[in-house]
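Colleague: Could you look at this predicted model? Sequence included:
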Amino acid sequence: MSNNTQEFDLAIIGGGPGGYVAAIKAAQLGLTTCLIEKDKVGGTCLHRGCIPTKSLLYSAYLYHLSKRSQEFGIRCEGVMIDFPQIQKRKDMVVNKLFHGVKALLKKNRVELIEAEGRISAPGKIILSKAGNETGEVRAKNIIIAAGSAPLIPSWIPFDKKNILSSDEILQLENIPASLIIAGGGDIGIEFGYFFNAMGSDVTVIEMKESILPFEERDISSVLQRQLIKRGMKILTETMVEHVSTDDKGVSVEIKRKDGQKETITAEKMLIALGRKPVIEKLGLENCAIELERGFIKVNEKYETSKPGIFAIGDIIGPPMLAHSASQEGILAVHHITGKEIKAINPHLVPRVNYSHPQVASIGLTVREAEEKGYDVATGKFPFAANSKAIISGEELGGFVKIVSDKKYGEVLGVHMIGPEVSELIGGLSLAMSLEATHFDISNTIFPHPTLSEVIKEVAHAVEGGAIHV
């Protein structure tokens, strides 16, 4: 064994929200733990995803409020966008949280190894920097949490200048006059909302029938109408067929459902067509680790086909969400230490889109519940009938919808669009984890006046009669 070899109970490759949370939990449970990260701990979520985008979106929301402040008796004349300051604050938020994560790792005595890790054999990881080997880690168990990267089709001339991914668009120094977004999912819609609010002429191209295609149709329809009302162009059931660039920007040839073709142009283009797992250079072939549809295949304990090697987060497939990866990391560590806890129910992972209005959901849609054989009962309650939403001026168009099992009353899904629904969905996550019924929720006391009262009201609506509508 060389002098550059270190030994641990657990080695984790990848320091995103799956990896670093797993590392902290492992250390708390008494395992000697190292976290191997080739870039910065916090991963995509902290540096190029969840956190910086939400900082931008909050600035856009404040700008929106400032422009309508006179409704509330506050005069804000000459409100202007300071884009460099928006970017500066975004970077400050990211940097503060980055140092916070590093401090947490140090506090919990996790060994942070800033290097690239490649599995050379079961229990062995070769470390390298700039292509040069720097050492080796030997561990009784390994967790792979290498994350994902933007998916860019090979036929698109991705130059990172005119055609951007979600990584590059975060670093723009100026607001583009016009922006084409390929993809109407969460990434595309959040960036579309932000740049529309900043004054860009935004066009979203989505091949499916609606934006946010995995949400309840009445939810995505409300959001689409609101965004169009603000000036966004949204082209659904439309395909991108060809992309080219020149000195003036980007030209995109599109094909509509009826076969009609058209060429549209813009200063910049964002590719928001999903993400792919980062599995290259991990040495999976050295342990014959099995893949499934391009993702690492794991069992209910997040163990791969090779005993002692686990995988979590985006690298094992949907849902590719930070909070899901964190919980998977905690569960994997519990299994490693012999502490069996309840597995994740994929239907109980909440989803949030932070555009304006916000969208949040958990569980089954009506269609999914019916396909599973449930006799479905639903209820809706509008934010237009909620006092706190009216006070904040955010009541129009939004609602909460519960999908329930008619026979037993168990809540199967909750779908929301409206003010701060990202903060409301967590309570429903807890309720559904405890198999609450809509009767349980309707008999729970919520404080008044709050947005959370819509949850009680919609539960009454399932029973056939909301109180305040």
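Modeller: It's in.

Colleague: Tell me where the model's unsure across this protein.
Modeller: Within the chain, the ranges that satisfy pLDDT under 70 run 1-3.

Colleague: Now do the helices for it: every range, in order, please.
Modeller: 19-28, 43-48, 50-67, 83-107, 186-197, 217-229, 322-336, 366-371, 387-392, 421-433, 438-442, 453-462 (DSSP state H).

Colleague: With distance to F158 as extra columns, can I get the ones you listed in CSV?
Modeller: Glycine gets a C-beta too; all of them are placed from N, C-alpha and C. Formatted as CSV, the helices of the chain follow (distance: least, CB to CB, whole Å):
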stretch, distance to F158
helix 19-28, 27
helix 43-48, 16
helix 50-67, 20
helix 83-107, 22
helix 186-197, 15
helix 217-229, 26
helix 322-336, 25
helix 366-371, 35
helix 387-392, 41
helix 421-433, 31
helix 438-442, 47
helix 453-462, 43
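
Colleague: can you tell which of these is closest to Q358?
Modeller: helix 421-433 (4.8 Å; CB to CB).

Colleague: Run the angle between the closest one and helix 322-336 for me.
Modeller: On the basis of axes from the mean of the first three to the mean of the last three CA atoms, to 10 degrees, helix 421-433 is oriented at 40 degrees to helix 322-336.

Colleague: contacting residues around L170?
Modeller: Going by CB atoms under 8 Å, 6 or more residues apart in numbering, L170 touches R48, P52, T53, L56, K90.

Colleague: quick one: which of those is nearest to G117?
Modeller: Comparing the contacts of L170 against G117 with CB to CB places R48 closest, at 19.9 Å.

Colleague: ranges for the strands of the stretch 101-250 of the chain?
Modeller: For the stretch 101-250 of the chain, the strands defined by DSSP state E, counting those that start in this stretch cover 111-113, 116-121, 124-129, 132-144, 148-150, 163-164, 178-182, 201-205, 233-235, 238-246, 249-256.

Colleague: which residues touch the residue nearest to the spatial centre of the chain?
Modeller: Central residue of the chain (CA atoms, centre = their mean): L321, 4.6 Å from the mean position. With contact set as CB under 8 Å, 6+ apart, L321 has these partners: V349, R351.

Colleague: same question, I467
Modeller: Shown in contact with I467 (CB under 8 Å, 6+ apart): E457, H460.

Colleague: can you redo the helices of the chain as JSON lines with mean neighbour count and distance to E77?
Modeller: Listed next are these as JSON lines, based on neighbours: other CB atoms under 10 Å; distance: least, CB to CB, whole Å:
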{"stretch": "helix 19-28", "mean neighbour count": "26", "distance to E77": "45"}
{"stretch": "helix 43-48", "mean neighbour count": "24", "distance to E77": "36"}
{"stretch": "helix 50-67", "mean neighbour count": "18", "distance to E77": "10"}
{"stretch": "helix 83-107", "mean neighbour count": "15", "distance to E77": "19"}
{"stretch": "helix 186-197", "mean neighbour count": "24", "distance to E77": "19"}
{"stretch": "helix 217-229", "mean neighbour count": "18", "distance to E77": "24"}
{"stretch": "helix 322-336", "mean neighbour count": "23", "distance to E77": "40"}
{"stretch": "helix 366-371", "mean neighbour count": "15", "distance to E77": "47"}
{"stretch": "helix 387-392", "mean neighbour count": "16", "distance to E77": "22"}
{"stretch": "helix 421-433", "mean neighbour count": "18", "distance to E77": "31"}
{"stretch": "helix 438-442", "mean neighbour count": "21", "distance to E77": "45"}
{"stretch": "helix 453-462", "mean neighbour count": "24", "distance to E77": "35"}
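
Colleague: Export the strands of the stretch 101-250 of the chain to JSON lines and append columns for distance to G19 and mean neighbour count.
Modeller: Supplementary listing: those in JSON lines, determined by distance: least, CB to CB, whole Å; neighbours: other CB atoms under 10 Å:
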{"stretch": "strand 111-113", "distance to G19": "11", "mean neighbour count": "19"}
{"stretch": "strand 116-121", "distance to G19": "11", "mean neighbour count": "19"}
{"stretch": "strand 124-129", "distance to G19": "13", "mean neighbour count": "19"}
{"stretch": "strand 132-144", "distance to G19": "7", "mean neighbour count": "20"}
{"stretch": "strand 148-150", "distance to G19": "13", "mean neighbour count": "20"}
{"stretch": "strand 163-164", "distance to G19": "26", "mean neighbour count": "24"}
{"stretch": "strand 178-182", "distance to G19": "30", "mean neighbour count": "25"}
{"stretch": "strand 201-205", "distance to G19": "33", "mean neighbour count": "23"}
{"stretch": "strand 233-235", "distance to G19": "36", "mean neighbour count": "19"}
{"stretch": "strand 238-246", "distance to G19": "34", "mean neighbour count": "16"}
{"stretch": "strand 249-256", "distance to G19": "36", "mean neighbour count": "18"}
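
Colleague: measure the residue nearest to the centre of the chain to F399 for me?
Modeller: Applying CB to CB, to the nearest Å, the value for L321 to F399 is 24 Å.

Colleague: Would you confirm that L227 contacts G192?
Modeller: Yes - counting by CB atoms under 8 Å, L227 touches G192, with 7.0 Å between them.

Colleague: Residues that sit against both of those two, list them.
Modeller: Overlap of the contact sets of L227 and G192 (by CB under 8 Å, 6+ apart) consists of S355.

Colleague: Distance of H460 relative to S178?
Modeller: Remark: distance between H460 and S178 (CB to CB) = 47 Å.

Colleague: Give me the nearest residue to E253, chain neighbours excluded.
Modeller: Distances taken as CB to CB, 6 or more residues apart in numbering put H242 closest to E253, at 4.0 Å, once the chain neighbours are dropped.

Colleague: Outline the domain layout of the protein.
Modeller: 5-150+276-336, 163-273, 357-462 (automatic domain parsing).

Colleague: now do the same end-to-end measure for the last one.
Modeller: Counting by CA to CA, to the nearest Å, you get 24 Å between the two ends of domain 357-462.

Colleague: okay but V411 is in contact with L428, surely?
Modeller: Yes - counting by CB under 8 Å, V411 touches L428, with 7.4 Å between them.

Colleague: measure K276 to R293 for me?
Modeller: 11 Å.

Colleague: give me the beta-bridge partners of A182?
Modeller: Beta bridges link A182 to I205, I271, judged by DSSP bridges.

Colleague: need the contact list for it.
Modeller: Residues near A182 by CB under 8 Å, 6+ apart: G188, I205, V240, V252, M269, L270, I271, A272, L273.

Colleague: make it 6 Å
Modeller: Neighbour list for A182: I205, V240, I271, L273 [criterion: CB atoms under 6 Å, 6 or more residues apart in numbering].

Colleague: Among those, pick out the one closest to A115, please.
Modeller: Lowest distance from A115 to those (CB to CB) belongs to I271, with 29.9 Å.

Colleague: how many neighbours does that closest one have?
Modeller: When neighbours are defined as other CB atoms under 10 Å, I271 has 25 of them.
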